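Student: A structural model of the following input is requested.
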Amino acid sequence: MTGLTTWCTALLLTLGSPVAAAAAASHAPFGHGTHAFRKLLNDLHLAALTEADALAADPAATVLIVLGMVDVLDRLPLKLDQFLEKGGAVLVASDRDWPPSWTLPNVLGLVLDSRFVESSRNYRNLPACPLVRDIPGSQPPLFNKLVLATNRPSFLQPLPKNRLAALARFARGSMVVPRISSPTDLPTPLPGGAVFAVGGEWGSGRILVLADHSIFINDMMLAFDNDNFEFAYQCVGWLSAGGRRTRVLFYEEGQIMPTFDVDLREAGLGPPLPPIQELLPWAFRLGRELEKEGLVGRINAALDRLEREDAIRSGLFGDISGDAWLRVGLTVASLAAAIWGLWRLSRARFRRPTKATDLAACLAASPRPVAEQRLRAMIRDDNLAEPARNLARQVLADLGHTAEAAPRVQVIGGWRQRRRLRRQLDRLWRLAWGQPTPVSRDDFTALLRQADDLRAAANHGTLRLG
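Tutor: Residues are numbered from 1 along each chain as shown. Below is the predicted model:
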């Protein structure tokens, strides 16, 4: 590995380090915001309330959303149960501790355990981002067959006086880790009865409680390889009763969000740094290209001279000669050129349609509803994996198979027909329940034809699923 390539790699490792991540978090990056969620509320013509006192004016027409800090529930003009009894709707999503004196444990009969859940059934091979699944037969069916990605979630434990239905849970074998752990702390099994979400009707109102608020951040909602956007859409539709409730009081980390008319171009939108494992090959390619152009040798020689003379440290902390200053200037210019090369290479070579900023840029540039823009972005990127997965699950359901396990197939006919139908059904099941894979427009068109073939075979009695 050449010196410049080593430097490029070191630069990327520095940018991906916990120190850099902490510095970025302090500036509230776009990916951690809720701009997409609020824009969805705006597109559904829901009006933002600007003060808590407005909550009591017309509870039956109001939705209360609390993300993150939930102590605001103790400072509302109406008690939570009164608000619900008068027809209000509530969404509470948080992974924070609930002291026993708070409203939620006493009124709802719930306890939130703030330890983190990890699972082997996770999002993007990240154990700290477990996927949650619906509980069959639960009402309302907000989680039905959705791939909902979490981010360091906690879990709920219903108390005997709880009157809400469990709606979603973590996969079997999930583990619990302390929020602040030491090297001697070991993961423990998730307690029995622990769930991710509860909800249901409460008097004339509705309530939904989730053990993670990160499911609604931009990084999660704007990704193409999960169903967080669809989940948010279903939640808002259920809580608003299809448009009967038109007002929303939105708390994010204890602060009221006074408007849902989000202009993403003014939200500090910028492309986030891709994962380090994707950037390392990128740095190696840059080093090889610069090496071909003969720049590596000259830059390495300058760096070697400066290292021997300790010029950079001396220039920062002591006196150095004019020649050394010249070499320092040359080095800074060379490093700037390398950074410029990384930027150019990223624009020319790096394409990742699943990044949040691809869709976010589309949202910022168009006045169309967010759901339509999402579909247009998928068509633009020629990646219809999401509608393909939904279609595959629908076709399997039409054929009588709703489980995630591979179906048992019975085909009547010649060997060619049996082989063709089995291959089509295998592809359909992998699209429905396997790892997300890109699906082009041509592939989606072919999938529609295959779906028609499978339905026709089932109607003719030549295909049966066990």
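Student: what strand or helix carries residue 439?
Tutor: Counting by DSSP states H and E, no helix or strand carries residue 439.
Student: ok, now residue 457?
Tutor: Assigned by DSSP H and E, residue 457 falls in helix 441-459.
Student: domain ranges for the protein?
Tutor: 3-14+274-349, 44-262, 382-465 (automatic domain parsing).
Student: low-confidence bits of the stretch 251-400 of the chain, can you list those?
Tutor: Residues of the stretch 251-400 of the chain meeting the criterion pLDDT under 70: 264-376.
Student: re the thing from before, just the domains of the chain: most buried one?
Tutor: Mean neighbour count (mean count of other CB atoms under 10 Å) peaks for domain 44-262 among the domains of the chain, with a mean of 18. Yep, even glycine has a C-beta here, placed from its N, CA and C like the rest.
Student: and that domain, how far apart are its ends?
Tutor: Domain 44-262 has an end-to-end distance of 13 Å (CA to CA, to the nearest Å).
Student: pLDDT score for the closest residue to residue 154 other than its chain neighbours?
Tutor: Nearest residue to residue 154, sequence neighbours excluded (CB to CB, 6 or more residues apart in numbering): residue 95, at 4.1 Å. What the model reports as pLDDT for residue 95 is 92.
Student: now residue 95: phi and psi?
Tutor: As for residue 95, its main-chain torsions (degrees, to the nearest 10) stand at phi -110, psi 20.
Student: I figured it hits residue 213, correct?
Tutor: Yes. Under the criterion of CB atoms under 8 Å, residue 95 is in contact with residue 213, at a separation of 6.6 Å.
Student: let's have the domains of the chain in JSON lines, adding distance to residue 32.
Tutor: As requested, the domains of the chain are exported to JSON lines (distance: least, CB to CB, whole Å):
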{"stretch": "domain 3-14+274-349", "distance to residue 32": "16"}
{"stretch": "domain 44-262", "distance to residue 32": "5"}
{"stretch": "domain 382-465", "distance to residue 32": "23"}
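Student: weakest of those in terms of mean pLDDT?
Tutor: domain 3-14+274-349 (a mean of 55).
Student: please enumerate residues in contact with whichever strand in the chain runs longest?
Tutor: Determined from DSSP state E, the single longest strand within the chain is strand 126-134. If you take CB atoms under 8 Å, 6 or more residues apart in numbering as the criterion, strand 126-134 is touched by 116-123, 141-153, 167-171, 174, 196-197.
Student: cool, and stretch 180-200?
Tutor: Here stretch 180-200 has contacts from 108, 110, 113, 117-118, 132, 135, 139-140, 142-143, 150, 153, 155-158, 162-170, 173-178, 206-212, using CB under 8 Å, 6+ apart.
Student: so which of these sit within strands?
Tutor: Per DSSP E, these map to strands at 110, 113, 117-118, 132, 155-158, 165-170, 175-177, 206-210.
Student: for residue 162, which non-adjacent residue is closest in space?
Tutor: Using CB to CB, 6+ apart and skipping the chain neighbours, the partner closest in space to residue 162 is residue 109 (3.5 Å).
Student: quick revisit: closest to residue 33 out of the domains of the chain?
Tutor: domain 44-262 (5.4 Å; CB to CB).
Student: and residue 92, which of the three is it?
Tutor: strand (DSSP: H, G, I helix; E, B strand; the rest coil).
Student: over to residue 64?
Tutor: Strictly by three-state DSSP, residue 64 counts as strand.
Student: look up how far residue 48 lies from it.
Tutor: 12 Å (CB to CB, to the nearest Å).
Student: hey, what's in contact with both of those two?
Tutor: Common neighbours of residue 64 and residue 48 (CB under 8 Å, 6+ apart) are 248-249.
Student: which residues touch stretch 62-81?
Tutor: Contacts of stretch 62-81 (CB under 8 Å, 6+ apart): 34, 46, 49, 52-56, 59, 83, 86, 88-94, 96, 98, 102-104, 107-108, 202, 213, 216, 236, 239-240, 245, 247-254.
Student: mind doing that once more with 6 Å?
Tutor: Applying CB atoms under 6 Å, 6 or more residues apart in numbering, the contact partners of stretch 62-81 are 52-53, 55-56, 88-94, 103, 107, 213, 239-240, 245, 247-254.
Student: name the next helix or strand downstream of the one helix or strand residue 235 maps to, please.
Tutor: Per DSSP H and E: residue 235 is located in helix 228-239. The helix or strand immediately downstream of helix 228-239 is strand 247-252, counting by DSSP H and E.
Student: in its sheet, what does that next one sit against?
Tutor: strand 47-48 (parallel), strand 62-67 (parallel), strand 255-256 (antiparallel) (DSSP bridges).
Student: angle of the longest one against strand 205-210?
Tutor: Orientation of strand 62-67 against strand 205-210 (axes from the mean of the first three to the mean of the last three CA atoms, to 10 degrees) gives an angle of 10 degrees.
Student: what's the following helix or strand after strand 62-67?
Tutor: helix 80-85.
Student: for that following helix, list the C-alpha coordinates in CSV.
Tutor: Written as CSV, here are the backbone C-alpha positions of helix 80-85 (Å, rounded to 0.1, in the frame of the first residue of the first chain):
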residue,chain,number,x,y,z
LEU,A,80,-53.7,11.4,29.4
ASP,A,81,-56.6,9.2,30.2
GLN,A,82,-59.0,12.3,30.0
PHE,A,83,-57.6,13.2,26.6
LEU,A,84,-58.2,9.7,25.4
GLU,A,85,-61.7,9.4,26.8
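Student: just to revisit the earlier point, check contacts around the residue nearest to residue 162.
Tutor: So residue 109 contacts 159, 161-162 (CB under 6 Å, 6+ apart).
Student: what would the residues you listed look like in a markdown table with distance to residue 416?
Tutor: Shown next, in a markdown table, are those (distance: CB to CB, whole Å):
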| residue | distance to residue 416 |
| --- | --- |
| 159 | 60 |
| 161 | 62 |
| 162 | 57 |
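Student: identify, from those, the entry nearest to residue 425.
Tutor: residue 162 (41.6 Å).
Student: for the closest one, give me phi and psi.
Tutor: phi -60, psi 140.
Student: before we move on, the earlier item: name the nearest of the contacts of residue 109 relative to residue 398.
Tutor: Ranked by distance to residue 398 (CB to CB), the contacts of residue 109 are led by residue 162 at 36.4 Å.
Student: the inter-axis angle of the helix or strand harbouring residue 425 versus helix 441-459?
Tutor: Secondary structure assignment for residue 425, by DSSP H and E: helix 415-433. Between the axes of helix 415-433 and helix 441-459, defined by the same axes, to 10 degrees, the angle is 120 degrees.
Student: ok, and what's touching helix 415-433?
Tutor: 388-389, 392-393, 396, 404, 406, 409, 411, 450, 454, 457, 463.
Student: among those, which are in strands?
Tutor: 409, 411, 463.
Student: residue contacts, the last one?
Tutor: Looking back up the chat, that one is residue 463. Contacts for residue 463 (CB under 6 Å, 6+ apart) come out as 411, 421, 457.
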